[in-house]
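Colleague: Provided below for reference: sequence and predicted model.
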Amino acid sequence: MLEKFTNWKVKNEENTQSVLTNTENLPKHIAIIMDGNGRWAKKRGLPRIAGHREGMSVINKIVKKANDIGIETLTLYAFSTENWKRPKNEVDFLLRLPERFLSIELPKLVKENVKVRLMGSKENLPAHTLKAVETAINETKDNTGLVLNFALNYGSRFEIVKAVQQVVKDVEDGKLTVDEIMEETIEQYLMTDTLRDPDLLIRTSGEIRLSNFMLWQLAYTEFWFTDVLWPDFTEEHFLEAIQVYQRRARRYGGV
Ligand code: V0D
């Protein structure tokens with residue numbers, strides 16, 4: 001019984017890798033709040049941007065792992081609407097990261113059949129950031145593997161406000177009546193429109209809160225929190241979260 005969930009360490013020539021032995025009850029959509037980059041840097045006496053750079057290098061490993069085990073959608077929360085309040089040099093650095101990431105990773109994402117997607121407000125994002133992401137969306141638009149959904153300049157209350165505005169506009173324009181507004185209607189107006197709700201939310205760095213992230217979509221989601229800082233997050237931690245999810249899902253299934 002228990003060994004079904006054991007995270008076997010399999011030696012290969014390159015490295016020690018962990019493998020998911022049980023592929024039942026996999027979460028289809030995993031969302032991650034990648035927190036703790038600044039704290040990781042501070043602990044080492046490094047500038048905060050060094051933590052962001054290190055955090056960026058963790059993304060490829062987790063994306064690859066998610067794709068390999070057949071996760072449908074991975075949402076990564078990178079930059080919230082609140083991040084604009086940070087020092088200008090840090091904000092500027094952060095807004096260069098999508099380009100830096102994609103200049104190295106996009107060819108691999110194309111080859112690995114990953115489909116890039118954006119969730120967030122495009123307003124007041126610099127043109128260079130938007131261009132890099134839109135190129136990635138375009139170059140991966142026919143891919144059928146993992147959907148990699150970057151939450152960039154995203155805030156959930158803002159998302160809901162925008163949805164309400166659009167719903168009211170459509171009512172005013174006669175495209176919709178008040179009585180037709182259902183949960184499914186609201187869903188179509190949110191930035192996740194075609195995506196299913198996350199099955200599993202991971203937040204690193206020990207904070208036990210949502211910080212304005214996917215408030216509507218997380219209504220039934222399983223949460224997994226860890227004290228591990230995002231730059232220290234590994235495939236093993238990722239698989240541990242998935243296995244915890246599988247055990248919970250299995251319990252409910254058994255009732
Ligand atoms: C900093 C840890 C990749 C979180 C990861 C502008 C904080 C590294 C991207 C990225 C950031 C975004 C969109 C895209 C491709 C890559 C990214 C930001 C921050 C916010 F299409 N890492 N990354 N974006 N960090």
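Modeller: All right, it came through fine.

Colleague: and residue 143, how far is that from residue 128?
Modeller: Distance, residue 143 to residue 128, by Cβ to Cβ, to the nearest Å: 24 Å. Quick note: C-beta positions are derived from backbone N, CA and C, even for glycine.

Colleague: of these two, who's got more company?
Modeller: residue 143 (17 against 12; other Cβ atoms under 10 Å).

Colleague: number of nearby residues for the residue nearest to that one when sequence neighbours are not counted?
Modeller: In this structure, residue 143 finds its nearest non-sequential neighbour in residue 115, 4.2 Å apart by Cβ to Cβ, 6 or more residues apart in numbering. Counted by other Cβ under 10 Å, the residues lying close to residue 115 total 19.

Colleague: Show the pLDDT at residue 115.
Modeller: pLDDT, residue 115: 98.

Colleague: Make sure it is actually in contact with residue 148.
Modeller: Yes. Using Cβ atoms under 8 Å, residue 115 is in contact with residue 148, at 6.7 Å.

Colleague: Residues contacting stretch 172-188, please?
Modeller: Stretch 172-188 is contacted from outside by 163, 167, 170, 171, 193, 216, using Cβ atoms under 8 Å, 6 or more residues apart in numbering.

Colleague: Rounded mean pLDDT for the strand or helix carrying the fourth one, please.
Modeller: Of the helices and strands defined by DSSP states H and E, residue 171 is found in helix 156-172. Regarding helix 156-172, the rounded mean pLDDT is 98.

Colleague: can you give me the helices for this structure?
Modeller: 37-43, 48-69, 88-94, 97-111, 127-139, 156-172, 183-189, 235-254 (DSSP state H).

Colleague: re the thing from before, mutual contacts of residue 115 and residue 148, please.
Modeller: Common contacts of residue 115 and residue 148 (Cβ under 8 Å, 6+ apart): none found.

Colleague: Need the pLDDT of the nearest residue to residue 132 once chain neighbours are set aside.
Modeller: For residue 132, ignoring the flanking residues on the chain, the nearest one in space by Cβ to Cβ, 6+ apart is residue 99 at 4.1 Å. Residue 99 carries a pLDDT score of 97 in this model.
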